[in-house]
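# Sequence and predicted model, in that order:
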Amino acid sequence: SAQTLSRAAQFRALLTSPQLEFIMEAHNGVSARIVEEAGFKGIWGSGLTLSAQYGVRDNNEASWTQVVDMLDFMADASKLPILLDGDTGYGNFNNFRRLIHKLEQRSIAGVCIEDKIFPKTNSFIDGERQPLADVDEFCGKIKAGKDSQSDPDFSIVARVEALISGWGMDEALRRAEAYRAAGADAILIHSKRSKPDEILEFAKEWAGRSPLVIVPTKYYSTPTDVFRRAGINLVIWANHLLRAAIPAMQAVAREIHASETLVEIEDRVAPVDEIFRLQGAAEYSAAERRYFAPS
Ligand code: SPV
Ligand code: MG
């Protein structure tokens with residue numbers, strides 16, 4: 001059963017599954033647990049939301065070790081496979097190899113790297129002005145990553161930013177094919193359009209050469225069956241738990257500040273017992289009864 005597979009093998013099975021699969025963003029331990037309880041089969045370690053939860057920008061302002069430290073908590077809080085958004089791999093091929101080494105030590109299932117330049121900027125900010133990585137250099141990075149992983153099931157997803165940065169379909173397809181040939185386990189094709197037209201055209205031309213991953217943040221109104229019919233393999237819901245939390249926290253903070261009382265908001269926030277449950281407090285109490293018997 002899936003329970004006996006390693007997390008890397010579970011994630012690889014999602015990439016290669018005959019049906020459309022979904023992973024959901026998490027950015028800390030408690031959100032990772034919430035993703036698992038909702039029924040998802042995997043977690044997206046979003047660069048955007050991991051940065052944001054630290055209060056910094058999606059420009060590699062958080063160091064890679066700070067990202068990996070948070071992933072460690074996420075992997076402890078959930079049994080799900082985690083795909084890290086590894087941005088550009090935090091440097092050259094050698095930095096990327098070391099990242100993979102540290103991710104494997106923490107049972108992270110895979111990493112996605114995008115063909116931009118370190119330090120990156122989020123694709124939805126001034127996308128047209130973002131320079132792309134040299135194709136050969138990026139292929140070397142993918143090859144170095146594949147050669148360095150110790151678990152054959154660890155996945156490297158290569159993200160093509162050619163559509164984001166205005167280079168067009170031919171360049172996107174040329175790059176995706178080069179990354180596939182270099183050993184990438186899947187291609188992530190990203191778009192910032194509000195309609196899925198260019199994603200669907202890419203999927204048609206790609207024709208299943210390797211698993212295809214998408215992030216429909218901007219073309220959110222597209223019915224999911226459209227992705228299914230297009231032969232997409234994996235959809236990433238990339239930032240929605242953080243975005244759900246933001247208006248909730250803003251409203252409660254404003255209201256308590258203005259009213260100087262908790263009486264109106266008590267019923268609209270999670271009970272403290274729900275925090276305890278998500279933390280696994282019951283296991284601690286049971287362990288204390290079993291192991292801690294003061295004389
Ligand atoms: C992320 O979640 O950090 C992503 C997806 O990379 S996007 O923000 O759309 O670039
Ligand atoms: Mg990102």
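Thanks, I have it. Ligands and ions are numbered 1, 2, ... in the order given.
# Please make it C-alpha for all contacts and neighbour counts, starting now.
OK.
# so how many other residues sit close to the residue nearest to Arg57 when sequence neighbours are not counted?
Sequence neighbours aside, Ser51 is the residue nearest to Arg57 in space, at 5.8 Å (criterion: CA to CA, 6 or more residues apart in numbering). The number of residues packed near Ser51 is 20, by other CA atoms under 10 Å.
# swap in Ser123?
So Ser123, with other CA under 10 Å, has 18 neighbours.
# Helix, strand or coil: sort out it for me.
Under the three-state scheme (DSSP: H, G, I helix; E, B strand; the rest coil), Ser123 adopts coil.
# What's the per-residue pLDDT of it here?
As predicted, Ser123 sits at a pLDDT of 91.
# What of Thr49?
For Thr49, the model assigns a pLDDT of 98.
# following whatever helix or strand Arg98 lives in, which helix or strand comes up?
According to DSSP states H and E, Arg98 maps onto helix 93-105. Once helix 93-105 ends, the next helix or strand along the chain (criterion: DSSP H and E) is strand 110-114.
# Parallel or antiparallel, which strands does that following strand pair with?
strand 82-85 (parallel), strand 155-160 (parallel) (DSSP bridges).
# Give me the neighbour count for the closest residue to Lys204 other than its chain neighbours.
Excluding the flanking residues, the one nearest Lys204 by CA to CA, 6+ apart is Ala230, at 7.0 Å. Using other CA under 10 Å, Ala230 is surrounded by 16 other residues.
# if I look at Ala230, how far off is Ala172?
Here Ala230 is placed at a distance of 17 Å from Ala172 (CA to CA, to the nearest Å).
# same deal with Tyr284?
51 Å.
# Between those two, which has more neighbouring residues?
The neighbour comparison of Tyr284 against Ala172 (other CA under 10 Å) goes to Ala172, with 21 against 11.
# Surely that one touches Ala158?
No: Ala172 is not in contact with Ala158 according to CA atoms under 8 Å; the separation is 11.7 Å.
# where does the most centrally placed residue in the chain fall, phi/psi-wise?
The residue lying closest to the centre of the chain (CA atoms, centre = their mean) is Trp44, at 2.4 Å. When read as degrees, to the nearest 10, the backbone of Trp44 gives phi -100, psi 120.
# ok, what's across the strand from the nearest residue to His240 once chain neighbours are set aside?
The shortest distance from His240 to any non-neighbouring residue, by CA to CA, 6+ apart, is to Glu25 (6.8 Å). Taking DSSP bridges as the rule, Glu25 bridges to Trp44.
# circling back to that earlier point, mind checking the SS state of the residue nearest to Arg57?
helix.
# Contacts only, for Pro18.
Contacts for Pro18 (CA atoms under 8 Å, 6 or more residues apart in numbering) come out as Asn233.
# per-residue pLDDT, it?
For Pro18, pLDDT reads 96.
# what's the answer for Ser295, then?
Ser295 is assigned a pLDDT of 66 by the prediction.
# For the nearest residue to Ile82 once chain neighbours are set aside, grab the count of nearby residues.
Spatial nearest neighbour of Ile82, excluding adjacent residues (CA to CA, 6+ apart): Ile43 at 4.7 Å. Using other CA under 10 Å, the number of residues around Ile43 comes to 31.
# May I ask which helix or strand encompasses Gly140?
Counting by DSSP H and E, Gly140 is part of helix 135-148.
# So which elements touch that helix?
helix 93-105, strand 155-160, helix 169-181 (3 or more CA pairs under 8 Å, 6 or more residues apart in numbering; DSSP states H and E).
# from the chain's centre, how far out does the last one sit?
Helix 169-181 sits 22 Å away from the centroid of its parent chain (CA atoms, centre = their mean, to the nearest Å).
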